[in-house]
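**Q** Below is the structure, and that's it, no one-letter string:
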């Protein structure tokens, strides 16, 4: 998505060859006008699938997921909570999420009443690197017997292998900006198919 | 706000005389169609003030703040991050937030570049009880030299004294549903002025 790529190039800061910071419009300060375009584009890319719920994970995914819902006729958004491993209970579906940057494991949790076998779920996240969060969210949907219709990250760092792993598991992954490498201080994108 | 009060009565669960759970539409699963009405109503209530930024705190405030921004001509939303007290750095404004339910203190943090003296800030939060989170957010705005235009919670538990304390400090507080007491298994609201 050209608009987003331009914004990443203009306002993102990259550190070394692995980290891109987009705090000024996606992760800490939120540009809702941009989010509106992101939501519209996610809808366009998943126009052929029936979706009745959006699932994301706290915190940075919530804003984009909320705005995207408007374009999916206001379907409910559920956000998984990140909790420490010892707070799992019977009433929640839980799946571990490993953080490569922090070297920690947390549990993504969703209360059982908010996911069911009738759910056709689109997973939306702000960032995809190793795909750990998206895989955990997909796991939660499947524990409930629901269907994962697709996974969309706003920014995907393809070189960290998350989307490849998720596609090998059979998921449809379609992210809005796909970074293929960061080299000599420059960010490279996989060009949009259109 | 009648629509919201009816929803709380219909879908909220209350435990004892202090706790109201609205996980099914506000805190865990998000009803974006309702959020759209909430955003519109927040705009209506603050129609007379100039606002150029919305400030909230992760995680549950983000969805409502994002949708509300649409009705304030897409002004930026900033969400404060809740971190442990030892992660404060020079580059962030930080203010302590005491959690009465958990008995813990966390730090609400906003990176310095996202709040400034030019900011006219509307604070939006999902729940107000003792007003600790809102007071911390107001503190962050003022550390930056900015102006707090108002504070709006979606659900306020007036009997826990948060709004009274904030008004005594000079803040304009206008919440969408104001619970005055929970007694004999019934939730009582302060009726809207209109």
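**A** Structure received. As the structure is a computational prediction, the values presented were derived from the model and not from experiment. Residues are numbered from 1 along each chain as shown, chains lettered A, B, ... in the order given.
**Q** Every contact and neighbour count from this point should use C-alpha atoms.
**A** Noted.
**Q** Spell out the residue ranges of the strands in chain A.
**A** Listed in chain order, the strands found in chain A under DSSP state E are A:13-15, A:19-21, A:29-30, A:53-57, A:77-83, A:92-99, A:104-111, A:120-128, A:147-157, A:177-183, A:186-189.
**Q** Wondering if the first one reaches chain B at all.
**A** No: Strand A:13-15 stays out of contact with chain B when judged by CA under 8 Å from any CA of the partner chain, the minimum separation being 13.9 Å.
**Q** OK, contacts around the residue nearest to residue A:17 when sequence neighbours are not counted?
**A** Distances taken as CA to CA, 6 or more residues apart in numbering or on different chains place residue A:182 nearest to residue A:17, at 4.9 Å, with adjacent residues excluded. Each residue near residue A:182 by CA atoms under 8 Å, 6 or more residues apart in numbering or on different chains is listed here: A:16, A:17, A:18, A:188.
**Q** try 7 Å this time
**A** A:17, A:18, A:188 (CA atoms under 7 Å, 6 or more residues apart in numbering or on different chains).
**Q** Touching, residue A:55 and residue A:77? I think so.
**A** Yes: counting by CA atoms under 7 Å, residue A:55 touches residue A:77, with 5.8 Å between them.
**Q** Mutual contacts of these two, please.
**A** Residues touching both residue A:55 and residue A:77 (CA under 7 Å, 6+ apart): there are none.
**Q** buried residues in the biggest helix by length in chain A?
**A** Counting residues, the longest helix found in chain A (DSSP state H) is helix A:32-45. Using 16 or more other CA atoms under 10 Å in any protein chain shown as the test for burial, helix A:32-45 gives A:32, A:33, A:34, A:35, A:36, A:37, A:38, A:39, A:40, A:41, A:42, A:43.
**Q** For residue A:63, give me its contacts.
**A** By CA under 7 Å, 6+ apart, the contact list for residue A:63 reads B:62, B:63, B:66.
**Q** For residue A:16, see how far away the residue nearest to residue A:17 is.
**A** Noted for residue A:182: a distance of 8 Å to residue A:16, by CA to CA, to the nearest Å.
**Q** And the helix or strand bottoming out on mean pLDDT in chain A, what's buried?
**A** In chain A, the helix or strand scored least confidently by mean pLDDT, DSSP states H and E is strand A:13-15, which has a mean of 82. Going by neighbour count (16+ other CA under 10 Å), the buried part of strand A:13-15 is A:13, A:14.
**Q** And stretch A:78-97, by the same measure?
**A** Neighbour counts using 16+ other CA under 10 Å place A:78, A:79, A:80, A:81, A:82, A:83, A:92, A:93, A:94, A:95, A:96, A:97 of stretch A:78-97 among the buried residues.
**Q** Show me what from chain A comes close to chain B.
**A** Proximity of chain A to chain B (CA under 7 Å from any CA of the partner chain) is limited to residues A:28-33, A:58-59, A:62-63, A:66-67, A:69, A:74, A:76-79, A:114.
**Q** Direction-wise, compare the longest helix of chain A with strand B:77-83 and give the angle.
**A** If you take axes from the mean of the first three to the mean of the last three CA atoms, to 10 degrees, helix A:32-45 sits at 90 degrees to strand B:77-83.
**Q** ok so, going back, nearest to residue A:142, of the contacts of residue A:63?
**A** residue B:63 (25.0 Å; CA to CA).
**Q** how near is the residue positioned nearest the centre of chain A to chain B?
**A** Computing the C-alpha centroid of chain A and ranking residues by CA atoms, centre = their mean puts residue A:125 first, at 1.7 Å. Going from residue A:125 to chain B by CA to the nearest CA, to the nearest Å gives 14 Å.
**Q** surely that residue meets residue A:152?
**A** Yes: look at residue A:125 against residue A:152 with CA under 7 Å: they come within range, at 6.5 Å.
**Q** Out of the buried residues of helix A:32-45, which comes closest to residue B:164?
**A** Residue B:164 lies nearest to residue A:32 out of those, by CA to CA, at 31.8 Å.
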